[in-house]
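S.K.: fold the following, please.
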Amino acid sequence: YLMNAETTGLPIALRGRVPCQVIGQVRKGDLLVTAGANPGFAISVGKDKSYGVAIFAKALENKDYGEAGIIEISVWRS
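M.R.: Down below sits the predicted model:
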């Protein structure tokens, strides 16, 4: 579910498959947390579940470069 997709401002994903801005390399299946130093971006924590409730999504595709980019993710926490 993507809120605000048709209005000004940033869309908000509550659940489901959506595009996401990420920084750094990502492997399909990696867990994602917010990138604290870069608001609006996520970073991969690999398979490390010790981040607990900070994990909000799972990567659905690879990103092989370190710069910022957009990948599809699956959001299950809000």
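S.K.: residue 49 is in contact with residue 31, isn't it?
M.R.: Yes - taking CB atoms under 8 Å as the definition, residue 49 is a contact partner of residue 31 at 7.0 Å. (Glycine included, C-beta is placed from N, CA and C.)
S.K.: more neighbours: the two, which one.
M.R.: With neighbours defined as other CB atoms under 10 Å, residue 49 and residue 31 compare such that residue 31 has more, 18 against 9.
S.K.: quick check: closest non-adjacent residue to the more buried one.
M.R.: The shortest distance from residue 31 to any non-neighbouring residue, by CB to CB, 6 or more residues apart in numbering, is to residue 55 (4.7 Å).
S.K.: tell me how many other residues surround the one you found.
M.R.: Neighbour count of residue 55, defined by other CB under 10 Å: 17.
S.K.: can you tell me which residues contact it?
M.R.: Counting by CB atoms under 8 Å, 6 or more residues apart in numbering, residue 55 makes contact with 31-33, 45, 49, 77.
S.K.: which of those sit farthest apart?
M.R.: Based on CB to CB, the longest span within those runs between 45 and 77 and measures 13.8 Å.
S.K.: more crowded one of the two?
M.R.: More neighbours surround residue 45 than the other of residue 45 and residue 77, with 15 against 10 (other CB under 10 Å).
S.K.: is it true that the more buried one touches residue 31?
M.R.: Yes - using CB under 8 Å, residue 45 is in contact with residue 31, at 5.2 Å.
S.K.: shared neighbours, these two?
M.R.: Jointly contacting residue 45 and residue 31 under the rule CB under 8 Å, 6+ apart are 51, 55.
S.K.: could you list every residue that touches the closest residue to residue 47 other than its chain neighbours?
M.R.: Leaving aside its chain neighbours, residue 47 sits nearest to residue 31 (6.6 Å; criterion: CB to CB, 6+ apart). Contacts were defined as CB under 8 Å, 6+ apart; by that measure residue 31 touches 44-49, 51, 55, 57-59.
S.K.: please apply the same query to residue 71.
M.R.: Residue 71 makes contacts with 19-20, 22, 26, 59-63, as judged by CB under 8 Å, 6+ apart.
S.K.: can I get the buried part of those residues as one ChimeraX selection?
M.R.: Restricted to buried positions by 16 or more other CB atoms under 10 Å, the ChimeraX selection for the contacts of residue 71 reads:
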select :20,22,26,59,60,63
